[in-house]
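Undergrad: what would the 3D arrangement of this be:
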Amino acid sequence: MTRASLDKQPQDVAAMFDDVAAKYDLTNDVLSLGQTRLWRRAVAQALDVTPGERVLDLGAGTGTSSLPFVAAGASVVPCDFSLGMLREGKKRRPELPLTAGDATRLPFADGVFDAVTISFALRNVQDTAAALREMRRVARPGGRLVICEFSHPTFRPFRTVYTEYLMRALPPVATAVSSSPDAYVYLAESIRAWPDQAALAAQLQSAGWSSVAWRNLTGGIVALHRATA
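TA: A predicted model of the protein is given here:
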């Protein structure tokens, strides 16, 4: 089994996601107690795409996260650097233009997207600042960004319970439903090490994004950050 470490070497992270591709969507639904669907709906509402807009969906994996934008009539480019995830997505959704790409070196021209989004993938990128700058580069002036990522629960007693769940309950549950449970130990560790809501907002501003704001979902387990190019 492949397990990435918190230094997030790209080849290790990509190989880890290759290993979990077949059951990734199912495992996420189980581990989140079905919350992933609600979070995806919140992303779609926040991005608020209109027919004909060009949307870049980074860290799209098998393409599940892109479906709400397709349904809204947008032209969506699902992009991921795990070839295993893209292959699995192509089997399930051959109509999607799944594209291989590294978030720190995107294979797109400047200013070509009306909206950019990334869900539960930014914390797996080795250089967060470079990725945020690249997203800014490929967004048109006035283009929108929505980041959906695990964050820090705001209620301290709940935060303690949540942390215990991540490190104690998550691995055995992942063992039961995932094709590579070791990967979920890394994912739990990466959630604990991720900056809080205000710190990520500061990184967005440093990368050149404006009108940065966020709102918490599920008590801060997840945060939606929004910004404008």
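Undergrad: buried sites along the longest strand belonging to the chain?
TA: Taking DSSP state E as the criterion, the chain has its longest strand at strand 139-150. Under the neighbour-count criterion of 16 or more other C-beta atoms under 10 Å, strand 139-150 has 139, 143-150 buried. The C-beta positions use only the backbone N, C-alpha and C, and glycine is treated the same way.
Undergrad: need the residues you listed in TSV (columns: distance to Arg41).
TA: Listed next are the buried residues of strand 139-150 as TSV, based on distance: C-beta to C-beta, whole Å:
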residue	distance to Arg41
Ala139	23
Gly143	22
Arg144	17
Leu145	18
Val146	12
Ile147	16
Cys148	11
Glu149	16
Phe150	17
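Undergrad: any chance of these in JSON lines, with pLDDT and distance to Gln205 too?
TA: Putting those into JSON lines (pLDDT from 0 to 100; distance: C-beta to C-beta, whole Å) gives the following:
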{"residue": "Ala139", "pLDDT": "98", "distance to Gln205": "15"}
{"residue": "Gly143", "pLDDT": "98", "distance to Gln205": "16"}
{"residue": "Arg144", "pLDDT": "98", "distance to Gln205": "16"}
{"residue": "Leu145", "pLDDT": "98", "distance to Gln205": "12"}
{"residue": "Val146", "pLDDT": "98", "distance to Gln205": "16"}
{"residue": "Ile147", "pLDDT": "98", "distance to Gln205": "13"}
{"residue": "Cys148", "pLDDT": "95", "distance to Gln205": "19"}
{"residue": "Glu149", "pLDDT": "93", "distance to Gln205": "16"}
{"residue": "Phe150", "pLDDT": "88", "distance to Gln205": "21"}
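Undergrad: how about those, which pair is most distant?
TA: For the buried residues of strand 139-150, the maximum inter-member distance is 24.5 Å, found between Gly143 and Phe150 (C-beta to C-beta).
Undergrad: now the element after the helix-or-strand element of the chain with minimal mean pLDDT, going C-ward?
TA: Sorting the helices and strands of the chain by mean pLDDT, DSSP states H and E puts helix 24-31 at the bottom, at a mean of 55. Next along the chain after helix 24-31, taking DSSP states H and E as the criterion, comes helix 35-47.
Undergrad: what angle do strand 139-150 and the helix or strand just after that next one make with each other?
TA: Beyond helix 35-47 on the C-terminal side, the first helix or strand identified by DSSP H and E is strand 54-58. On the basis of axes from the mean of the first three to the mean of the last three C-alpha atoms, to 10 degrees, strand 54-58 is oriented at 40 degrees to strand 139-150.
Undergrad: could I have strand 54-58 exported to PDB, CA atoms only?
TA: Taking Å, rounded to 0.1, in the frame of the first residue of the first chain, the C-alpha atoms of strand 54-58 are listed here in PDB:
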ATOM      1  CA  ARG A  54     -15.900  28.100 -18.100                       C
ATOM      2  CA  VAL A  55     -15.200  26.300 -14.800                       C
ATOM      3  CA  LEU A  56     -11.900  24.700 -13.600                       C
ATOM      4  CA  ASP A  57     -12.600  22.000 -11.100                       C
ATOM      5  CA  LEU A  58      -9.200  21.200  -9.500                       C
END
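Undergrad: in the helix or strand just after it, what counts as buried?
TA: Following the chain from strand 54-58 toward its C-terminal end, the next helix or strand by DSSP H and E is helix 67-71. Neighbour counts over helix 67-71 (16+ other C-beta under 10 Å) mark 67-70 as buried.
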